[in-house]
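*Asks:* quick one, fold the following:
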Amino acid sequence: MESDIELDPWGNPYQYLNIANGGNRIRGRVRKDRNLVPLNTDFDIYSMGPDGESRPPLTARHSWDDIVRASNGSFIGIASDY
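*Replies:* Residues are numbered from 1 along each chain as shown. This is a model prediction of the structure:
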């Protein structure tokens with residue numbers, strides 16, 4: 001049986017957060033840059049990197065190796081490069 005879930009390069013599911021329709025239940029989970037500004041206004045999709053750990057601010061050590069989507073899709077790459 002084939003799954004519809006997309007996997008990152010390490011075989012783990014990508015994480016998805018609907019920001020536009022999330023309301024208060026997503027507060028604290030939105031990904032943020034070094035100035036604590038949200039990376040996106042529509043949705044976050046990211047891989048938790050090879051260590052499988054992540055935190056909302058990209059400045060957190062566990063987020064440096066994440067693959068992130070930022071600037072509403074204008075950037076896709078390693079969090080430490082954003």
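*Asks:* model confidence over stretch 50-67, on average?
*Replies:* Across stretch 50-67, the average pLDDT comes to 94.
*Asks:* how far does that stretch stretch from start to finish?
*Replies:* The straight-line separation of the ends of stretch 50-67 (Cα to Cα, to the nearest Å) is 10 Å.
*Asks:* looking at this, residue 76 is in a strand?
*Replies:* Yes - assigned with DSSP: H, G, I helix; E, B strand; the rest coil, residue 76 falls within a strand.
*Asks:* OK, contacts around it?
*Replies:* 67-70 (Cβ atoms under 8 Å, 6 or more residues apart in numbering). C-beta here means a position set from N, CA and C on the backbone, and glycine is covered the same way.
*Asks:* what's opposite it in the beta bridge?
*Replies:* Note on residue 76: beta-bridge partners by DSSP bridges are residue 69.
*Asks:* where's it relative to residue 37, distance?
*Replies:* 18 Å (Cβ to Cβ, to the nearest Å).
*Asks:* who's residue 18 bridged to?
*Replies:* residue 43.
*Asks:* part of a strand, is residue 72?
*Replies:* No - applying three-state DSSP, one finds residue 72 to be helix, outside a strand.
*Asks:* my read: it touches residue 44, true?
*Replies:* No - the pair residue 72 and residue 44 fails to qualify as a contact (Cβ atoms under 8 Å) at a distance of 10.3 Å.
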